[in-house]
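>>> Any chance you can model this:
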Amino acid sequence: MVKIDLDEIDYIESLEDYIKIHIAHAKPILTLMTMKAVIEKLPTDKFIRIHRSYIIPFSKIRSIVNKKVLLASSKELPISDTYVNALNEWMKK
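Here you go, the predicted model:
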């Protein structure tokens, strides 16, 4: 068991039945869990799924350009058509 501070999460990546939790200034954590299970456990006001393979915290978004999200860590992640509406709704708030 590893306790993870939600504020330290850069993004979460799906690897089939596993997820890789990328953490600021630390090695990623790999765990047996589905994306569906992890998104249900995360607070909806702090995290959003942007792709079949990625969940990101709102606080780490630096910019959104051409269906890509640039995170504070300089990592660029794709936004899929399935999740673009949810991200647009968040930006309107």
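>>> Mean pLDDT per element in the chain, and the minimum belongs to which helix or strand?
When each helix and strand of the chain is scored by mean pLDDT, DSSP states H and E, helix 81-92 comes last, with a mean of 87.
>>> shaky segments in the protein?
Within the chain, no stretch falls below the threshold (pLDDT under 70).
>>> re earlier: which neighbouring elements make contact with the least confident helix or strand of the chain?
If contacts are counted by 3 or more CB pairs under 8 Å, 6 or more residues apart in numbering; DSSP states H and E, helix 81-92 sits against strand 47-51. (Each C-beta comes from the backbone N, C-alpha and C, glycine too.)
>>> got a list of contacts for the strand it packs on?
Judged by CB atoms under 8 Å, 6 or more residues apart in numbering, the contacts made with strand 47-51 from elsewhere in the structure are 6, 9, 35, 39, 55-58, 69, 77-80, 83, 86-87, 90.
>>> Going through these, which ones are buried?
Ile9, Met35, Ile55, Ile56, Pro57, Val69, Leu77, Ile79, Tyr83, Leu87 (16 or more other CB atoms under 10 Å).
>>> Make CSV out of those and add secondary structure and distance to Val2.
Output for those, formatted as CSV (DSSP: H, G, I helix; E, B strand; the rest coil; distance: CB to CB, whole Å):
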residue, secondary structure, distance to Val2
Ile9, strand, 12
Met35, helix, 19
Ile55, strand, 18
Ile56, strand, 20
Pro57, strand, 18
Val69, strand, 26
Leu77, strand, 23
Ile79, coil, 29
Tyr83, helix, 27
Leu87, helix, 29
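>>> Could you point out which of those residues is nearest to Leu15?
Met35 (9.9 Å; CB to CB).
>>> For the nearest residue to that closest one once chain neighbours are set aside, grab phi and psi.
Computed as CB to CB, 6 or more residues apart in numbering, the closest residue to Met35 that is not its neighbour in sequence is Ser14, at 4.8 Å. Note on Ser14: its backbone torsions stand at phi -90, psi 140 [degrees, to the nearest 10].
>>> First-to-last residue distance for stretch 9-25?
Using CA to CA, to the nearest Å, one end of stretch 9-25 lies 10 Å from the other.
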